[in-house]
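> Predicted model and sequence below, questions to follow.
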Amino acid sequence: MGRKGGMGALFAQLALAEGAVSRGPVKMPASTKLDLADRDHNLYLSVAKWLRRRGQPVKPKLSYLQKKELKECFGLMDLDGSGAIDVDEFEEALGLLGIS
């Protein structure tokens, strides 16, 4: 994965953005606006592991299709359309899956 300027350049730009060196406004390259998971997957996994060890939640990255499927499953379990799954609805869903 070729990176223009490398991580050193990125850290220098971040230091400028944080005000460590005042040279006026810094225009960040578009590549820094990518999610860390898209930019460097191994670094993302390391950061996620570090956060989990410290009890911090890590939101999973879901694709559009995965989000759509989860919403559909939720809608199937939310029988009364209240926007929440109550105990009876949850028990019925588990029963349909063969879990009692």
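Yep, it's here.
> what ranges do the strands span in this protein?
Along the chain, no segments are classed as strands by DSSP state E.
> Would you map the helices across it?
6-17, 36-39, 41-53, 64-77, 87-96 (DSSP state H).
> what residue ranges in the chain score low on pLDDT?
In the predicted model of the chain, residues 1-34, 36-37 satisfy pLDDT under 70.
> Look at the closest residue to residue 35 other than its chain neighbours and say how many residues are nearby.
Of all residues not flanking residue 35 in the chain, residue 61 sits nearest, at 7.2 Å (C-beta to C-beta, 6 or more residues apart in numbering). For glycine as for every other residue, the C-beta is placed from the backbone atoms N, C-alpha and C. Using other C-beta atoms under 10 Å, residue 61 has 12 neighbouring residues.
> Distance of residue 61 relative to residue 48?
Between residue 61 and residue 48 the computed distance is 10 Å (C-beta to C-beta, to the nearest Å).
> One more: residue 71?
From residue 71 to residue 48 the distance is 24 Å (C-beta to C-beta).
> okay if I get the helices of the chain as JSON lines plus mean neighbour count?
Listed next are those as JSON lines, based on neighbours: other C-beta atoms under 10 Å:
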{"stretch": "helix 6-17", "mean neighbour count": "13"}
{"stretch": "helix 36-39", "mean neighbour count": "14"}
{"stretch": "helix 41-53", "mean neighbour count": "12"}
{"stretch": "helix 64-77", "mean neighbour count": "11"}
{"stretch": "helix 87-96", "mean neighbour count": "12"}
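> returning to that earlier point: may I have the phi/psi pair for the residue nearest to residue 35?
Phi and psi for residue 61, reported as degrees, to the nearest 10, are phi -90, psi 120.
> if we can go back for a sec, quick check: neighbours shared by residue 61 and residue 48?
Residues touching both residue 61 and residue 48 (C-beta atoms under 8 Å, 6 or more residues apart in numbering): none.
> Give me the residues contacting stretch 50-58.
Against stretch 50-58 from outside (C-beta under 8 Å, 6+ apart): residue 48.
> shift numbering so it begins at 19
Yes, from this point I'll number from 19; that puts the last item at stretch 68-76.
> pull the CA atoms of it into CSV?
Provided in CSV are the C-alpha atoms of stretch 68-76 (Å, rounded to 0.1, in the frame of the first residue of the first chain):
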residue,chain,number,x,y,z
TRP,A,68,-5.5,-2.0,23.1
LEU,A,69,-8.9,-0.3,23.7
ARG,A,70,-10.5,-3.6,24.6
ARG,A,71,-7.8,-4.4,27.2
ARG,A,72,-8.7,-1.1,28.8
GLY,A,73,-12.4,-1.7,28.8
GLN,A,74,-13.2,0.7,26.0
PRO,A,75,-15.8,-0.4,23.4
VAL,A,76,-14.8,-0.8,19.8
